[in-house]
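Enquirer: Provided below are the primary sequence and the corresponding predicted coordinates.
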Number of protein chains: 2
Amino acid sequence: MAAAGRRRVTIKHVAREALVSTQTVSRVINERPDVAPETRQRVLDVIERLSYKPSALARSLIRQRSHTLGVVTAGLQYMGPARTLNGITAKAEELGYTLLLEELADFAYRDVEHILDNLLARQVDGIIWAVQEAGDNREAFTTLLDDFPVPIVFLTMHEVPGWHIITFDNYLGGRLATEHLLAHGHRCIGHIMGPATWWEARERRRGWEEAMHAAGLPAADGHCAQGNWSSAQGEQAFARLHQQFPEMTAVFVANDQMALGVLNHAHRHGIRVPEDLAVVGFDGLPEAAYFWPPLSTVYHNQSELGCRAVSQIADLVEVVEAAEAPRAQVTWLQPELVVRASSGGPLSNPA
Amino acid sequence: MAAAGRRRVTIKHVAREALVSTQTVSRVINERPDVAPETRQRVLDVIERLSYKPSALARSLIRQRSHTLGVVTAGLQYMGPARTLNGITAKAEELGYTLLLEELADFAYRDVEHILDNLLARQVDGIIWAVQEAGDNREAFTTLLDDFPVPIVFLTMHEVPGWHIITFDNYLGGRLATEHLLAHGHRCIGHIMGPATWWEARERRRGWEEAMHAAGLPAADGHCAQGNWSSAQGEQAFARLHQQFPEMTAVFVANDQMALGVLNHAHRHGIRVPEDLAVVGFDGLPEAAYFWPPLSTVYHNQSELGCRAVSQIADLVEVVEAAEAPRAQVTWLQPELVVRASSGGPLSNPA
DNA sequence: ATGAAAGCGCTAACAC
DNA sequence: GTGTTAGCGCTTTCAT
């Protein structure tokens, strides 16, 4: 395999063999009508015989359109980003785009410009920034975005006028979770949040806070602990929270993995779930249904998020193509509460 | 943003502004020595001022080298493929490669040729086939690979002479898990395997079988049930197995997610783990340490697998470049047993 | 219906 | 040191 050296078959080879000019070959491969049927067939035969494949590179160069999208992601080892990417690839394939992938070494990666330059150098038609907002990792864009040569869609961040953004309503998710626990009669509801540097973590927390306040209940700082999304830190955060807020009868955890850590801690310390402690997670991992007890959670379809991103960027690319004025647009997607045993199940036996 | 229409800045613009030829600009951006310091500075200034970025497309075209790797994956919604991709992106970044990503709609996807053609049309320097072997999804390659224009590395498949393959030793993993259970005194050890169409599933099963046979014990068909890697089917497979093999005191489950299903079933039916049933999983998900009880598992570093793939393909690309004869090579990586409570912990209290 | 010439943005080979 | 010419593989005028 890997027959080194052998030169690529080009349009010239085909033209020579078929005894036509390169333009005629070009017409054939682009399915232009103005080619005599027999010429077309002759060319097609040669193409087949030489197994000629047009160079997408050369085409992109001349057409100034690559049908390639740049995708920037981070944390592919985690479920969320991977599922989003999954949605992106599916939709991209459907719409005939190929993807250039860049993964940031970490969420707070600074050298945004370097990444974008590489993508632009490769003539991407548009960019999907699929990195969640964390820390000031949006900072660099504020100056970059004026006059940016291709459309760019951001995922999962707060609204900014003029930017194209697609995001789940994390605040709503937090409210749904908390209101569910309130409906079950809980009054002392704690929260384990993700890193406060993350927009999503802050939004989910805000949902918890406002739901509590709306019920006339406190959502004090002492009722909230912070973890880094991992089960290990979920467990530790809960241990702290349990000490500083012993009255707590329910906890809303900002993701399923940390919630798993909470369940683990509960088992180890004889805390019964949901009798002593009701738990609601966030994400809706398929596995959460098989935790013990099965975990109530806020489901958001992250694959769908990726699909939407591609659809929107594709739209924007066409719009730019047509030289229309691209309108900024923010799309909010809604998470859904999935009730299972860890929170006491559906509301049949309210406290 | 997205300033439509404005033309790309090219080397010509820079040349004109700097009052030099395009060649000189080319020399500057390629850091050739033979440019007068002041000329260089003048050019650099113009580059800066116009924020000129060389077109990687044009470069690839002329150099016949794109510094781009094609990556084909499938099932990014699952941890394994996503982690592998994570390793791939990290190493690719390190070695200065950009990635073109293709995700197959499913593992048994047939139209391999279409995928490869798209990658080749975009002049990738090499391809990483990161789709696990399942069904006959290697079939198409047997004819394609003679005379394939670029090097290609396969992940996770059985050995084939002449192919470049990097894979974990799943057979070894199956043996490690089973021998661990045997060492704990278990004699009736069941197995829940992945889909028999998957090479990995068959290898893990073979590890179980041979370990059992080596201990003079049976590994009958009735002692094995099949699932599709999901927790849901893990639970169901275990339910079946439990009925048809009631003597079973231990089970080796081919992945952690299915093992979670087993644990769930055990809780629901009052089966104590590990007292009544010892469980060992496979994969080594971080979450497995927080299952209840914490899950013993066979860890394989799938990110590392991706790293290796990039290293190897990069080597092969250089080799082809240097017109050396590329040698086929198979790399076996070794999984490790991680012992936790679900299998009775480290061997301190053998039966 | 087909071909010739020009050029996308860049670099290699040779001048001078 | 620097410019000229040619050409990577393709498409787009504009002839014929």
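Expert: Nice, thanks for sending it over. Residues are numbered from 1 along each chain as shown, chains lettered A, B, ... in the order given.

Enquirer: all contacts plus neighbour counts: C-alpha atoms, from now on.
Expert: OK.

Enquirer: in chain A, which residue is most central in space?
Expert: A:Thr84 (3.6 Å; C-alpha atoms, centre = their mean).

Enquirer: give the contact list for that one.
Expert: By C-alpha atoms under 8 Å, 6 or more residues apart in numbering or on different chains, the residues touching A:Thr84 are A:Ala130, A:Gln302, A:Ser303, A:Glu304, A:Leu305, A:Gly306, A:Cys307.

Enquirer: and the residues you listed, which two are furthest apart?
Expert: By the measure C-alpha to C-alpha, A:Ala130 and A:Glu304 form the most distant pair in the contacts of A:Thr84, at 12.7 Å.

Enquirer: rewinding a little: in what helix or strand does the residue nearest to the centre of chain A lie?
Expert: Using DSSP states H and E, A:Thr84 maps to helix A:79-95.

Enquirer: which is the next helix or strand following that helix?
Expert: strand A:98-104.

Enquirer: quick revisit: report the buried residues of the helix holding A:Thr84.
Expert: For helix A:79-95, the neighbour count (16 or more other C-alpha atoms under 10 Å in any protein chain shown) marks A:79-93 as buried.

Enquirer: could you check the angle strand B:98-104 makes with it?
Expert: 80 degrees (axes from the mean of the first three to the mean of the last three C-alpha atoms, to 10 degrees).

Enquirer: distance between helix A:79-95 and the chain's centre?
Expert: 8 Å (C-alpha atoms, centre = their mean, to the nearest Å).

Enquirer: average pLDDT across that helix?
Expert: Throughout helix A:79-95, pLDDT has a mean value of 97.

Enquirer: got it, and stretch A:164-183?
Expert: 98.

Enquirer: alpha carbons of that stretch, as PDB, please.
Expert: What follows is stretch A:164-183, C-alpha atoms only, in PDB (Å, rounded to 0.1, in the frame of the first residue of the first chain):
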ATOM      1  CA  HIS A 164     -24.700  34.500  16.300                       C
ATOM      2  CA  ILE A 165     -25.300  32.300  19.300                       C
ATOM      3  CA  ILE A 166     -27.100  29.000  19.900                       C
ATOM      4  CA  THR A 167     -27.400  27.900  23.400                       C
ATOM      5  CA  PHE A 168     -29.500  25.900  25.800                       C
ATOM      6  CA  ASP A 169     -31.400  27.800  28.500                       C
ATOM      7  CA  ASN A 170     -29.400  26.700  31.500                       C
ATOM      8  CA  TYR A 171     -31.200  29.100  33.700                       C
ATOM      9  CA  LEU A 172     -34.500  27.500  32.800                       C
ATOM     10  CA  GLY A 173     -33.000  24.100  33.500                       C
ATOM     11  CA  GLY A 174     -32.000  25.200  37.000                       C
ATOM     12  CA  ARG A 175     -35.500  26.500  37.600                       C
ATOM     13  CA  LEU A 176     -37.100  23.300  36.400                       C
ATOM     14  CA  ALA A 177     -34.900  21.200  38.700                       C
ATOM     15  CA  THR A 178     -35.500  23.300  41.700                       C
ATOM     16  CA  GLU A 179     -39.200  23.800  41.200                       C
ATOM     17  CA  HIS A 180     -39.500  20.100  40.900                       C
ATOM     18  CA  LEU A 181     -37.900  19.600  44.300                       C
ATOM     19  CA  LEU A 182     -40.000  22.400  45.700                       C
ATOM     20  CA  ALA A 183     -43.100  20.700  44.400                       C
END
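
Enquirer: now do the buried residues in it.
Expert: Under 16+ other C-alpha under 10 Å, the buried positions of stretch A:164-183 are A:164-182.

Enquirer: out of the residues you listed, which are inside helices?
Expert: Among these, the members found in helices (DSSP state H) are A:170-182.

Enquirer: and the next helix or strand past the helix or strand bottoming out on mean pLDDT in chain A?
Expert: Scoring the helices and strands of chain A by mean pLDDT, DSSP states H and E places helix A:139-144 at the bottom, with a mean of 89. Helices and strands here follow DSSP H and E; after helix A:139-144, the next one along the chain is strand A:152-155.

Enquirer: and the least confident helix or strand of chain A, how far from the chain's centre?
Expert: Relative to its parent chain, helix A:139-144 has a centroid offset of 21 Å by C-alpha atoms, centre = their mean.

Enquirer: re earlier: show me which of the ones in helices among the buried residues of stretch A:164-183 is closest to DNA strand D.
Expert: Nearest to DNA strand D, judged by C-alpha to the nearest atom of the strand, of these is A:Asn170 at 44.6 Å.
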